[in-house]
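Asker: Need a 3D model of the sequence below.
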Amino acid sequence: MKGRHRKEKRRLRRMQAASVIAQEPQPATLSHCTPFDVDTLSTSSVDLAAGAAMSVSGDVYERSISDTSMAGIPDGPDHFSVPAPVSANIQPDSFKTKFHPKSGRATTVDSFSTFDRSQGRTQSQPIVDDDSQPWHPFQTREDFEFSEIAHQAALNKDLTNKLLSLIQWIAKGEAKFTLQSHHDVTEAWKCAAKLMTPFEKGVISIPHQKQDFEFDVHFRPLWDWAMDLLSNPILMPHFVWDAQHLYKHNGERFERFVDEPWTGNRWWNIQSDLPGDNAAPFAFILYADKSHLSSSGKVKAYPVIVQCRNLPVNIRNSTRGLRGGQLVGWLPIVPADSGNEGKLSWMNLKRVVWHESFLKILDSIVSLSKVGFAYQTFEGTVRRLYPVILILSADYEEQCIMALIRGLKSHCPCPICLVPSDQLCNHATTYPMRMSLDAITSLEVYKRSRKDGEALMQKQSLRPVENAFWRVNHSDPHRALSFDHLHYDDMGMGDHLFKEIKKNLAEIGRHAEKAVDDHHDAFPRWRNLNRFSSAYIAMLDPDSIQKNWDFPKAHLAKHAFQDIIEKGVARNYSTRPNESHHRPIRKYYLRQTNRKDMPEQILQLDHQSLVSEFICSQLDHDDDECLKQMLDRRVLEDQENELLDDNMFSGHVYLGSPQLPITIANVEKTFTSCPFQSFHKKLTHFLNEFLPLCDIPIPGGRSWFVVPQEDKLREFRYLKVNYESCVDWKVATDYLRCNPNFHRREHYDCALIRTVDHHNNEKLTFVRFQLMFEYHIGGEALHLALVTPFYFPSRERRAIDKGLHFIRLRARPAALSEIIPLRSIIRGALLVPDFANDGDYSLCNYTDGDIFLHSQTFLS
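Answerer: You can find the predicted model right below:
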């Protein structure tokens with residue numbers, strides 16, 4: 001679906017660019033909000049870090065006094081406490097950027113309006129050869145686009161030939177098209193495959209009980225993949241090499257905050273340890289997880305995904321080829337053996353196979369991590385890059401394999417620290433951190449004396465296997481492993497909580513389960529919020545309820561905040577972007593392979609996808625550059641096209657999905673619900689108060705203006721709102737609907753607005769849209785909305801609301817609807833009805849970090 005939309009967008013841009021000449025407008029600057037203080041952040045809100053920059057103060061590095069093994073790795077070069085008082089001319093909301101000493105750059109202080117979140121990166125445009133043909137080695141652009149469609153649609157040989165025959169019949173010569181058969185397409189892909197680093201095949205031989213086991217390993221050399229990125233002219237301007245400490249002035253002092261990996265302590269510490277003044281880390285994130293390819297679960301794959309952490313989050317978490325994660329390895333899976341399954345030696349064999357296979361992927365960066373690689377950056381300076389494994393992203397099972405610990409039922413089941421298995425739900429005590437040096441020492445003892453080594457390893461729940469990550473400098477796997485909110489929230493604690501709910505509902509009765517499913521179905525829709533017609537409860541087995549809460553996922557949140565301080569916010573190491581790579585692998589297997597020599601076929605198809613995305617990125621860059629010079633935004637605004645949802649727009653609000661104009665007199669006849677009662681009267685009163693405030697003359701110069709019943713307005717059913725997030729001070733966008741039939745359901749969104757009370761004091765309140773419309777008066781186009789307001793109940797908050805931090809709102813009677821200007825909207829909001837109390841609603845303040853921070857104001 002995304003591929004089809006991208007092609008439609010690309011064709012739309014080309015057609016528009018050919019017929020329009022205008023300059024692209026620049027988005028307007030929005031007013032800012034106040035950042036939050038992390039001192040008030042509770043553990044339960046840690047998942048907000050997935051999309052947030054976090055403001056921090058105080059040294060929070062957790063270390064046990066008895067943990068002497070930590071002495072070799074210092075904490076950050078300075079604490080998170082604020083720096084010394086600054087001079088009096090520093091304005092509130094100023095930003096300070098402290099660069100790593102090896103960058104050679106002085107500390108900078110910027111005002112709010114001039115601060116650029118891309119500090120440390122050049123703002124120059126990529127240097128791309130204007131005379132190049134980015135579709136090469138395909139003979140024409142049209143040849144490439146057809147081959148891409150055939151690849152994505154998984155067309156077989158017969159379908160490809162039929163489609164080509166049809167195209168040849170209908171072609172009239174408007175575009176050059178040279179492909180004649182499936183053979184031509186295949187040959188074109190073979191030529192194009194040389195554009196990117198191909199997969200290689202290796203064989204590892206592992207001795208076990210006087211027998212040698214051989215396994216095939218498919219891999220893309222990691223540094224060759226990195227060179228594909230480093231040589232890409234479109235990506236070159238976006239690389240960040242130097243560690244940074246970012247601060248924001250809160251009116252009294254500078255307060256440090258972190259977001260990207262290079263703003264955390266770990267990047268700073270690594271760069272400090274690298275030799276030479278021009279040294280910088282090239283940071284990898286690696287992800288590995290088994291995947292079922294067949295519905296029966298008998299056919300499995302074990303892909304390894306890599307990302308570059310020197311690129312900003314909007315690029316590296318993209319789903320577009322080189323920019324996002326890429327498949328670089330296909331690990332072998334040791335087949336089941338009923339005679340050996342469960343034995344310690346067989347479990348150790350599996351770990352040896354995993355790490356020997358993974359070493360094939362890492363081999364190209366092992367020596368470079370010690371001597372570095374000279375690279376000329378986009379700015380023209382020469383930096384010596386040292387590859388490091390900054391982050392390992394995985395669920396608990398793979399974390400145990402990466403850290404080489406014994407897992408769930410061992411004495412110390414945490415891959416990061418040495419917490420005992422009976423203390424996993426105890427977050428009040430901090431235990432010593434695991435270190436690679438301790439594991440190496442234990443393995444050396446094991447090699448000298450198996451008995452002594454086994455006793456030492458059992459104490460720390462280690463396996464007697466050499467870890468592949470020890471070969472790469474500054475890549476301690478215990479420091480690289482990170483908290484994963486996907487498997488902690490969605491697949492971890494949430495799963496256990498649902499089981500408890502299932503048990504309680506079963507005791508109440510079947511009617512309770514049905515009520516929960518009905519309420520779940522009635523939960524309001526919200527963009528990017530996954531929801532289902534019924535709850536998970538019906539899918540759970542009550543016999544699988546676990547009563548003991550001493551399990552590893554209950555403990556992993558202990559390390560969440562420290563990971564943020566060390567490596568940036570949780571979206572930097574979430575498994576969610578990499579989990580999406582399993583879908584195309586399954587598609588390749590089911591649609592485009594003959595189920596024989598499966599890895600080779602799937603990896604060939606994946607390589608075609610990589611080459612396709614590489615060529616697409618160049619085509620998109622060419623199209624975007626053309627649009628900047630030729631595209632008139634007004635042409636796009638006149639078209640209702642959902643493909644434009646992701647496009648930037650100028651100003652604060654953008655109205656879409658226009659309807660036919662309707663007279664004022666017909667509004668109350670067409671819309672018969674209570675909010676539209678006396679619509680004409682409400683509009684008249686609003687305009688007579690609003691127009692003088694906006695210096696818009698009242699028609700006819702009269703003191704009181706009555707809206708003519710025959711005047712027309714135009715209804716809109718779609719609204720985009722730009723607002724500046726008070727989490728990271730970047731522009732974010734909400735997509736709101738006011739539609740009586742959106743995908744066969746009513747969809748009336750809510751918003752947070754700024755208004756004034758009866759004493760003319762500014763206040764914030766929530767409203768629900770009933771009608772969004774445009775009305776012309778005095779030569780001005782007014783963008784307005786009929787809304788139903790909410791208010792905060794004045795009585796004492798309920799105990800359940802206090803305990804669960806609910807923010808309760810109550811809707812005013814529908815007849816008391818009001819008209820507001822759309823410019824008064826701050827952002828969208830998700831209000832969930834209280835099914836037990838008609839007219840009451842709760843604010844869902846976990847949709848993003850910005851609304852969560854706004855909600856703290858209401859709670860206080």
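Asker: Can you tell me the strand partners of the helix or strand hosting Ala732 and which way each runs?
Answerer: Following DSSP states H and E, one finds Ala732 within strand 731-742. The pairing partners recorded for strand 731-742 under DSSP bridges are strand 712-724 (antiparallel), strand 745-748 (antiparallel).
Asker: Ranking the ones you listed by mean neighbour count, which comes first?
Answerer: Across these, averaging neighbours per residue (mean count of other Cβ atoms under 10 Å) puts strand 712-724 on top, at a mean of 20. For the C-beta atoms, the positions are set from N, CA and C on the backbone; glycine is no exception.
Asker: Give me the distance from it to the chain's centre.
Answerer: Relative to its chain's centre, strand 712-724 lies at 26 Å (Cα atoms, centre = their mean, to the nearest Å).
Asker: Stretch 269-288 now?
Answerer: Here the centre of stretch 269-288 is set off from its chain's centre by 23 Å, with Cα atoms, centre = their mean.
Asker: Beta-bridge partners for the nearest residue to Thr107 once chain neighbours are set aside, please?
Answerer: Closest residue to Thr107 in three dimensions, ignoring its sequence neighbours and counting by Cβ to Cβ, 6 or more residues apart in numbering: Lys98, at 4.9 Å. For Lys98, the beta-bridge partners are His245 (DSSP bridges).
Asker: Now for Lys98: which residues touch it?
Answerer: Residues in contact with Lys98, defined by Cβ atoms under 8 Å, 6 or more residues apart in numbering, are Thr107, Gln244, His245, Leu246, Tyr247.
Asker: And it, what's its pLDDT?
Answerer: Model confidence at Lys98, expressed as pLDDT, equals 90.
Asker: could you pull out the helices for the stretch 651-800 of the chain?
Answerer: With DSSP state H, counting those that start in this stretch as the criterion, the stretch 651-800 of the chain has helices at 664-670, 679-693, 799-804.
Asker: just the stretch 101-250 of the chain next, same as before
Answerer: With helices called from DSSP H, counting those that start in this stretch, the stretch 101-250 of the chain shows them at 141-152, 157-170, 182-192, 222-230.
Asker: Return the alpha-carbon coordinates of stretch 432-451 using PDB.
Answerer: C-alpha atoms of stretch 432-451 as PDB (Å, rounded to 0.1, in the frame of the first residue of the first chain):
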ATOM      1  CA  PRO A 432      25.700  -4.500  40.300                       C
ATOM      2  CA  MET A 433      25.800  -4.100  36.600                       C
ATOM      3  CA  ARG A 434      27.100  -6.900  34.400                       C
ATOM      4  CA  MET A 435      30.400  -6.200  32.600                       C
ATOM      5  CA  SER A 436      32.100  -8.000  29.700                       C
ATOM      6  CA  LEU A 437      35.400  -8.100  31.700                       C
ATOM      7  CA  ASP A 438      33.800 -10.200  34.400                       C
ATOM      8  CA  ALA A 439      32.400 -12.700  31.700                       C
ATOM      9  CA  ILE A 440      35.800 -12.900  30.000                       C
ATOM     10  CA  THR A 441      37.500 -13.600  33.300                       C
ATOM     11  CA  SER A 442      35.000 -16.300  34.100                       C
ATOM     12  CA  LEU A 443      35.500 -17.900  30.700                       C
ATOM     13  CA  GLU A 444      39.300 -18.000  31.200                       C
ATOM     14  CA  VAL A 445      38.800 -19.800  34.500                       C
ATOM     15  CA  TYR A 446      36.400 -22.200  32.800                       C
ATOM     16  CA  LYS A 447      39.000 -23.100  30.200                       C
ATOM     17  CA  ARG A 448      41.600 -23.800  32.900                       C
ATOM     18  CA  SER A 449      39.300 -25.700  35.200                       C
ATOM     19  CA  ARG A 450      35.900 -26.700  34.100                       C
ATOM     20  CA  LYS A 451      34.700 -27.300  37.600                       C
END
